[in-house]
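In: Sequence and predicted model, in that order:
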Amino acid sequence: MTTIANNLQQVLGRIAQACQAAGRDPGAVSLLAVSKTFGPDAVVQAAAAGQQAFGENYIQEGVEKIAAVREALPGAPLQWHCIGPIQSNKTRLVAEHFDWVHTVDRLKIAERLSAQRPADLPPLQVCIQVNIDGGPTKSGVAPAEALALARAVAKLPRLAVRGLMAIPDPAPEFEAQLAIHTRARRLFDEIAALREPGLEAFDTLSLGMTADLEAAIQAGSTMVRVGTGIFGGRK
């Protein structure tokens, strides 16, 4: 078994244990393998081990990797998620090449993604990024503004609003991690409970990474984003 395949199994084991500890069905939490800065070969190895969803932070790198992996694995049912910041001049690349976007925090970006999404592709699946702990230098809409943005994005064609994403500042202890993740879960629940037109598919809470996935799952995350735990340390 390759190192990536072995790491992947260990991460899946952590997810299963965390779900058991939280009294949740392991099938309720999906794994997004964050392959940024790693080459196409790493993705191919993870795909060979059964991983299908991959996250990229850097759009140009991601687009080139998507093309290389499709050439190496033609017809493979892989899913590509943009989880990095999006500038206006990169929206077309995202709209044309990715399946999901986790980092919509401005209506302008959503409008461009909607206008540039090719008609022959399924709707782009969108999460609203929330600055859940109020970091002054971090991306994300303020929690109080998340519902209004979700409503506005839901009115756009070629997009489907699926949920919330958050990247809290690292916290060293489980209880501190759990507290901030729980704030994101409460906001997610408030919006999901409304069941408004355009928000019927609001079912995804993208929360938790290698260091804090247990706390995120305890809080209610439905998708954890793990890079280092699968692919190793980055330079």
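Out: Right, received. Where do you want to start?
In: Residues in contact with stretch 198-211: which ones?
Out: For stretch 198-211, contacts defined as C-beta atoms under 8 Å, 6 or more residues apart in numbering pick out 11, 32, 34, 83, 102, 127, 150-151, 154-155, 160-167, 170, 181, 184-185, 188, 191-192, 214-217, 219-229. Placement of C-beta: from N, CA and C, glycine included.
In: so how far is the helix or strand containing Ala215 from its chain's centroid?
Out: Using DSSP states H and E, Ala215 maps to helix 213-219. Mean C-alpha position of helix 213-219 versus that of the full chain (C-alpha atoms, centre = their mean, to the nearest Å) differs by 15 Å.
In: and that helix, what does it pack onto?
Out: Applying 3 or more C-beta pairs under 8 Å, 6 or more residues apart in numbering; DSSP states H and E, one finds that helix 213-219 contacts helix 3-22, helix 174-194, strand 223-226.
In: Please enumerate the strands of this structure.
Out: Along the chain, the stretches classed as strands by DSSP state E are 30-34, 53-56, 79-82, 100-104, 124-129, 159-165, 204-206, 223-226.
In: Compare the helices and strands packed on helix 213-219 and give me the one nearest Ala119.
Out: With C-beta to C-beta as the criterion, Ala119 lies closest to strand 223-226 of those, at 27.2 Å.
In: For that closest one, what is the distance to the chain centroid?
Out: So, by C-alpha atoms, centre = their mean, the centroid of strand 223-226 is 7 Å from its chain's centroid.
In: Go through that strand and flag the buried ones.
Out: Within strand 223-226, the residues that count as buried by 16 or more other C-beta atoms under 10 Å are 223-226.
In: and that strand, what's its mean pLDDT?
Out: Across strand 223-226, pLDDT averages out at 98.
In: just checking, Ala154 touches Arg162?
Out: No - when contacts are counted by C-beta atoms under 8 Å, Ala154 is not listed as touching Arg162 (10.4 Å).
In: Looking at these two, which is more packed in?
Out: Counted by other C-beta atoms under 10 Å, Ala154 and Arg162 do not tie: Arg162 has more neighbours, with 25 against 19.
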